[in-house]
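# Sequence plus predicted model, see below.
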Amino acid sequence: MQIKNLPTPCYVYDRAVIEKRCRDLKTYFPGVKIFYAVKANSNPELLKIIRKEGLGIECVSPGEIRAGQAAGMTKEKISFTCSNLSESDLVFAARNAGYVHIDSLVQLETWGKKKLGRDVSLRINEGIGTGHHRHVVTGGPDSKFGISLKDLPAARKIVKKYGLRVVSLEQHIGSNVLDKDADIFLKSVRKLLRSAEEFPEVRHVDFGGGFGIPYRPTDRALNLKTLGKEFTSLTNAFAEKRGGKVTFALEPGRYVVAESGTLLTTVVDMKSTSKHQFVGVNSGFNHLIRPAMYGSYHPIENLSRKGTKKTVTIAGNVCESGDIFATHRSIVAPKIGDVLAIGNAGAYGMSMASVYNLRELPREFILEKGKAREITFSPEARVRTKK
């Protein structure tokens with residue numbers, strides 16, 4: 001089945017791409033625990049593929065934990081981190097996740113008071129952040145995430161108060177780390193390892209995720225092989241100091257699924273102004289919000305024809321002026337009924353979709369050996385389940 005014949009709007013994921021990304025991570029980061037960030041894409045069928053490839057999952061809500069459990073993830077394969085948690089969310093995570101990374105002094109106090117376990121993991125804000133947009137920078141003084149270094153003495157007091165043991169540290173510096181950001185990522189690795197040296201009982205260090213993919217033609221892809229070698233050299237040296245009794249983890253999300261996904265949409269209208277040749281499609285930022293929220297670039301291809309290219313502005317069907325997928329983009333001149341493919345949409349596409357304007361969510365399909373299989377699911381199945 002050709003994907004241009006699928007009903008639009010819809011998301012299509014290539015299974016082979018997801019499998020290769022999982023295997024690349026295991027190849028270049030040998031022995032490292034890989035927890036896929038579910039927030040990137042929580043479709044149950046994708047989670048099953050990721051489980052079969054040997055990865056665990058990183059979750060930020062009870063719903064994501066339940067999604068992982070439904071896909072066959074066991075407790076030790078589930079890592080949990082998030083800010084501003086209710087007490088019930090933290091208790092749920094403690095009961096169902098193998099790793100729970102405490103994000104604040106308030107969470108740490110709750111952990112001790114509720115007797116959620118003697119062993120505890122702290123998420124540290126080392127003051128280092130990077131990312132493709134300020135909204136996705138998760139480290140540094142402007143970030144809401146993690147326990148800042150200045151609060152570590154207070155954290156130690158709470159640990160002592162409740163007789164806890166800090167056995168794990170975690171951090172996350174930001175999203176869509178590319179080759180130009182590799183040095184910053186490695187700097188954050190060194191800094192977290194230095195912090196871990198101050199906690200003699202630490203036996204697990206999690207460096208977060210954020211590995212990126214090249215959205216724009218000018219983006220330079222992350223050299224995973226080179227990064228893996230340098231990362232392994234640093235972590236092996238630390239493990240040797242600890243007598244080998246330490247494990248390491250990463251939490252990639254976008255890297256695993258982004259390039260596997262395509263949003264298909266149909267041209268339904270065309271009009272022009274003094275500044276734009278608008279091409280209207282039957283999807284919008286309620287289906288793919290990244291261009292509107294972050295000014296993100298996604299490659300767009302006309303699947304219906306070949307020929308001369310034309311500069312157009314591709315607009316969605318949401319009743320908002322900001323509902324634009326691409327401005328002044330050169331693509332093969334479209335006609336009404338043509339199917340456009342918006343690429344690199346497997347991460348933070350469907351997972352951030354909504355029914356704004358009361359429009360239906362896109363259907364979802366997966367490509368396996370050249371055939372498309374529908375894998376549409378309702379997020380409500382996870383969100384509404386009782387805790």
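Cool, got the structure.

# Provide a list of residues in contact with the closest residue to Arg66 other than its chain neighbours.
Distance criterion C-beta to C-beta, 6 or more residues apart in numbering; nearest residue to Arg66, sequence neighbours excluded, is Arg382 at 5.0 Å. In this view, the C-beta of every residue, glycine as well, is placed from N, C-alpha and C. Counting by C-beta atoms under 8 Å, 6 or more residues apart in numbering, Arg382 touches Ser42, Gly63, Glu64, Arg66, Ala67, Ala70.

# I'd assumed the fifth one was in a helix, is it?
Yes. For Ala67, which was evaluated using DSSP: H, G, I helix; E, B strand; the rest coil, the result is membership in a helix.

# Is it in contact with Tyr36, as I believe?
No. Using C-beta atoms under 8 Å, Ala67 makes no contact with Tyr36, being 11.4 Å away.

# between those two, which one's more packed in?
The residue with more neighbours, out of Ala67 and Tyr36, is Tyr36; 34 against 24, by other C-beta atoms under 10 Å.

# Just the pLDDT for that one.
Tyr36 carries a pLDDT value of 98.

# ditto for the one 5 residues further on
Per-residue confidence (pLDDT) for Asn41: 98.

# Could you report the distance from Asn344 to Asp219?
Shown here: Asn344 relative to Asp219, a distance of 10 Å by C-beta to C-beta, to the nearest Å.

# So between those two, which is more surrounded?
Applying other C-beta under 10 Å to Asn344 and Asp219 shows that Asn344 carries more neighbours, namely 22 against 16.

# Which segments of this protein make up each domain?
Listed domain ranges for the chain are 3-9+259-383, 31-252 (source: automatic domain parsing).

# Rounded mean pLDDT for the first one, please.
On average, the pLDDT along domain 3-9+259-383 is 95.

# can you check stretch 100-108 too?
On average, stretch 100-108 scores 97.

# in the chain, which spans are helices?
Ranges of helices in the chain, per DSSP state H, are 15-28, 44-52, 62-70, 87-96, 105-113, 152-161, 182-197, 224-241, 254-257, 290-294, 380-383.

# so how many other residues sit close to Ile3?
For Ile3, the neighbour count with other C-beta under 10 Å is 17.

# So it is in contact with Gly343, correct?
No. Using C-beta under 8 Å, Ile3 is not in contact with Gly343, being 11.6 Å away.

# Identify the contacts common to the two.
Listed contacts common to Ile3 and Gly343 are Thr262; contacts here mean C-beta under 8 Å, 6+ apart.

# can I assume Tyr11 is in contact with Ala347?
No. Using C-beta under 8 Å, Tyr11 makes no contact with Ala347, being 11.1 Å away.

# got any residues that touch both of the two?
With C-beta under 8 Å, 6+ apart, Tyr11 and Ala347 have common neighbours Gly261.

# re the thing from before, as CSV, the domains of the chain with distance to Val17 would be great.
Formatted as CSV, the domains of the chain follow (distance: least, C-beta to C-beta, whole Å):
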stretch, distance to Val17
domain 3-9+259-383, 4
domain 31-252, 10
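
# that older thread, looking at the helices of the chain, which is closest to Ala353?
In terms of C-beta to C-beta, the element of the helices of the chain nearest to Ala353 is helix 290-294, at 10.9 Å.
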